[in-house]
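Novice: Provided below for reference: sequence and predicted model.
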Amino acid sequence: MKAQRLVSWIIFAFGAAYFLLPLIGTVEFSLRARRGVYSLDAYRNVLSDPQFRDTLTYSFVLAILTIVLGVLIVAPTAFWVRLKLPALRPVVEFITLMPLVIPPIVIVFGYIRMYNTSSALPLLGSATGSDILLMCGYATLSLPYMYRAIDTGLRAIDVPTLTEAAQSLGAGWITILARVILPNILTAILSGAFLTFAIVIGEYVLAALLNRPAFGPYMVWMGSNKAYEPAALAVVAFAITWMAMGLIQLVSRFSKQTQARR
Amino acid sequence: MAFIELRNLQKSFGQTQVVRDFSLDIAQGEFVSLLGPSGCGKTTVLRMVAGFEPPSGGEIVIDGQDMTGVAANKRRIGMVFQSYALFPNLTVADNVGFGLKVAGVARAEARARIEEMLGLVGLAGFGARYPFQLSGGQQQRVALARAIAPRPRVLLLDEPLSALDAKIRVSLRSEIRAIQRELGITTLFVTHDQEEALSMSDRVVVMSAGRAEQVGPPHEIYNRPATRFVAEFIGSLNILSGKVVDAATGRVDTPAGPVTLGRALTLAAGAPVSLAIRPEALRLDAEGEVAFAVKVADSEFLGSVVRLRAVAPGATPLSVAQFNREGRALPAPGEAATLSVDARDIVVLDG
Ligand SMILES: Nc1ncnc2c1ncn2[C@@H]1O[C@H](COP(=O)(O)OP(=O)(O)OP(=O)(O)O)[C@@H](O)[C@H]1O
Ligand SMILES: [Mg+2]
């Protein structure tokens, strides 16, 4: 019993060290911008860099738009599959897994081939067009997570009966989705949204190859041009991601409480 | 003209036909129950009326309007589900007001209507609560209020009481009936509980394997079952299988002895026939027109009712139910006794 606990602790310590040591190393390094003493200079430099703010804002806005697009695509689809085509569920689930198998580089080359300036739909010819493509790419990358999150949310409610109840009260499909289904899977949507957020903030390949000023390429650019700032930037990015994860935890705990009361 | 006309409704899921040739006319303001064993197609009929399932054949006409191709949300039909199906994210008031909001009713008017509905179902003051803060019975009342708030033309209820415990079930059943009468709303009620169907309905439709076996007022269904299925499904019954001896005078030979019905039978002499007798039609004396000499097997005293199991000649079991009356001596087990029944209380079933 005691030995077993000791073994568990050792494994835990090993795992913690595995994750924490590089992090501690990065934090420690990021604090050494000034010779001889620890300082927050690197952070000051990063946070005062207008490009940092611009790229982070850009990615932030794009993340929000991606989430909206993702929910608009996934929620009605998952709802419809659950309601009318339950036999197709495994197929749809498999399709949503494709982005995990196909590398983003393939997607982006496809985009470049299909939407270049000499194509029928020259989206890449303008900044807005490229932004739209980037958003679509991000929505694709986050599809597996968004679909799973929303489908799990739908499983927790009686979709067919609630839908029929709303129908008998005169509601059409849009009303049913907006006023009955979505509000009842809000926590699931939020967890999908946070995962999407984390993906978009850190993504490099799509943004770099579409040549958009996103946070991912900025991090990489920093890494190859500065000494201490990349470490500080990594810590900031890490903090943002973990805040997203923390929010998922909070939200799901909150939802568990309401379910327990139910 | 009937308010709801169901004409030769058919429904198949793949190869299996679930509803066959189902026809029914329902008058305005009538309360009709669909009663039948599990899987006989009651819910399917209801869902076709509601517009959730398209019929494979036949017609549904409501108020002179053919419902074929009319979407469920355009039919103005209120529905109450066994599982309540309240919207968990909305308060009781918002649940009841859902249909009003969809219909674009002005806010002040909607609020008044919600209050009225909640008052009607006895939940005034519960508007701010959420469904999970209510008991099952209260939730089902909210569901009823929600269904009738937008003034639907028809109310459909699919086993609304079967998830509730016995006591609430009985009280809610008379409440539903009272509300239905007050609003005069045409109602189709699905249940597999015969007591529910018999006590609430203007007319009962007994269903079996997707067909309407018999349609009629409760007393007729109970006292004059048209088919063997209805007779056996509703209440309990003593069955004597025999052979027709003389069709004109209604003489039938049964193992328990000869029976003369005193009315003509449509069967030929020699044809097999079953005679059904309700336990409460059998009397513990020889006053009835048809008498049986029996041996009492056992008797049960149930307060208001006395139950007797007896064996007639040919090892035919007969069960008797009589109201308890003081001073009446009950035959003891093992004793010989005479049971009798009025000939008109004997129901003739084919085969
Ligand atoms: N969507 C469906 N697909 C295939 N078969 C179905 C479907 N819905 C119902 N059935 C079948 O149709 C038959 C009748 O079902 P229905 O739900 O109408 O019965 P019911 O009389 O309401 O029974 P219960 O009292 O158990 O509710 C059942 O055998 C059922 O398996
Ligand atoms: Mg049913």
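Specialist: Good, I have the coordinates. Ligands and ions are numbered 1, 2, ... in the order given.
Novice: For the stretch 151-262 of chain A, give me the ranges with low pLDDT.
Specialist: Residue ranges of the stretch 151-262 of chain A with pLDDT under 70: A:252, A:254-262.
Novice: which bits of it sit near chain B?
Specialist: With Cβ under 8 Å from any Cβ of the partner chain as the criterion, the stretch 151-262 of chain A meets chain B at residues A:157-158, A:161-162, A:164-172, A:175, A:179-180, A:183-184, A:186, A:261-262. (Each C-beta comes from the backbone N, C-alpha and C, glycine too.)
Novice: Just give me the residue closest to the centre of the chain.
Specialist: Looking at chain A here, since you left the chain open. The centre of chain A sits closest to residue A:196, judged by Cα atoms, centre = their mean, with a distance of 1.8 Å.
Novice: meant chain B, my bad for not saying
Specialist: Nearest to the geometric centre of chain B sits residue B:197, at 2.8 Å (Cα atoms, centre = their mean).
Novice: Surely that residue is in contact with residue B:188?
Specialist: No - contact criterion Cβ atoms under 8 Å: residue B:197 and residue B:188 do not qualify, at 11.7 Å.
Novice: and stretch B:244-254, which residues are buried?
Specialist: Neighbour counts using 16 or more other Cβ atoms under 10 Å in any protein chain shown place B:244, B:245, B:247, B:250, B:251, B:252, B:254 of stretch B:244-254 among the buried residues.
Novice: Can you verify my assumption that the third one contacts residue B:270?
Specialist: In other words, residue B:247. No - using Cβ under 8 Å, residue B:247 is not in contact with residue B:270; the gap is 9.5 Å.
Novice: contacts for stretch A:203-220?
Specialist: Residues from elsewhere that reach stretch A:203-220 (Cβ atoms under 8 Å, 6 or more residues apart in numbering or on different chains): A:51-52, A:54-56, A:58-59, A:62, A:103-105, A:107-109, A:111-112, A:124, A:127, A:130-131, A:133-134, A:137-138, A:141, A:201-202, A:230, A:233-234, A:237.
Novice: That stretch spans what distance, first to last residue?
Specialist: Across stretch A:203-220, the terminal residues are separated by 10 Å (Cα to Cα, to the nearest Å).
Novice: how far is that stretch from where the chain is centred?
Specialist: With Cα atoms, centre = their mean, to the nearest Å as the basis, stretch A:203-220 stands 15 Å off its chain's centre.
Novice: same question, stretch A:12-20
Specialist: Chain-centre distance of stretch A:12-20: 25 Å, with Cα atoms, centre = their mean.
Novice: Helix, strand, or coil at residue B:307?
Specialist: Secondary structure state of residue B:307, per DSSP: H, G, I helix; E, B strand; the rest coil, is strand.
Novice: How about it, nearest residue that isn't a chain neighbour?
Specialist: residue B:300 (4.2 Å; Cβ to Cβ, 6 or more residues apart in numbering or on different chains).
Novice: ok so that neighbour is a strand residue?
Specialist: Yes - assessed by three-state DSSP, residue B:300 belongs to a strand.
Novice: Relative to residue B:319, how far out is it?
Specialist: 10 Å (Cβ to Cβ, to the nearest Å).
Novice: Would you mind naming the helix or strand containing residue A:28?
Specialist: Assigned by DSSP states H and E, residue A:28 belongs to helix A:2-30.
Novice: Name the residue of chain A that lies nearest to ligand 1.
Specialist: The minimum distance from chain A to ligand 1, using Cβ to the nearest ligand atom, falls at residue A:160 (9.9 Å).
Novice: Tell me, how many residues neighbour residue B:270?
Specialist: Residues near residue B:270, counting by other Cβ atoms under 10 Å in any protein chain shown, number 9.
Novice: how near is it to residue B:337?
Specialist: Noted for residue B:270: a distance of 32 Å to residue B:337, by Cβ to Cβ.
Novice: My read is that the residue nearest to the centre of chain A contacts residue A:69, right?
Specialist: No - using Cβ under 8 Å, residue A:196 makes no contact with residue A:69, being 9.5 Å away.
Novice: Which residues does stretch A:135-148 contact?
Specialist: A:62-63, A:65-66, A:69-71, A:73-74, A:77-78, A:92-93, A:96-100, A:104, A:107-108, A:111, A:192-193, A:195-196, A:199-200, A:203, A:206, A:210.
Novice: Kindly report the same for stretch A:242-253.
Specialist: A:187, A:190, A:191, A:194, A:195, A:197, A:198, A:201.
Novice: Now do the same contact list for the closest residue to residue B:277 other than its chain neighbours.
Specialist: Nearest residue to residue B:277, sequence neighbours excluded (Cβ to Cβ, 6+ apart): residue B:238, at 4.6 Å. Shown in contact with residue B:238 (Cβ under 8 Å, 6+ apart): B:276, B:277, B:278, B:279, B:282, B:317, B:318, B:319.
Novice: how many other residues sit next to the third one?
Specialist: This points to residue B:278. 22.
Novice: do residue B:127 as well
Specialist: Neighbours of residue B:127 (other Cβ under 10 Å): 19.
Novice: same question, residue B:5
Specialist: 18.
Novice: what's the answer for the one 4 residues further on, then?
Specialist: In terms of burial, residue B:9 registers 24 neighbours under the definition other Cβ under 10 Å.
Novice: could you show me where the helices are in the stretch 51-200 of chain A, in order?
Specialist: If DSSP state H, counting those that start in this stretch is used as the criterion, the helices of the stretch 51-200 of chain A fall at A:89-101, A:104-115, A:127-155, A:159-168, A:173-175, A:182-184, A:186-202.
Novice: Make sure residue B:305 is actually in contact with residue B:320.
Specialist: No - assessed by Cβ under 8 Å, residue B:305 is found out of contact with residue B:320, at 10.2 Å.
Novice: For the residue lying closest to residue A:69 once chain neighbours are set aside, report the pLDDT, please.
Specialist: Nearest non-adjacent residue to residue A:69, counting by Cβ to Cβ, 6+ apart: residue A:139, 4.8 Å away. At residue A:139, the model reports a pLDDT of 94.
Novice: So residue A:139 versus chain B, what's the distance?
Specialist: Distance, residue A:139 to chain B, using Cβ to the nearest Cβ, to the nearest Å: 26 Å.
Novice: picking that back up, hmm, which of the residues of the stretch 151-262 of chain A next to chain B are the buried ones?
Specialist: Listed as buried from these are A:157-158, A:162, A:164-171, A:175, A:179-180, A:184; burial here means 16+ other Cβ under 10 Å.
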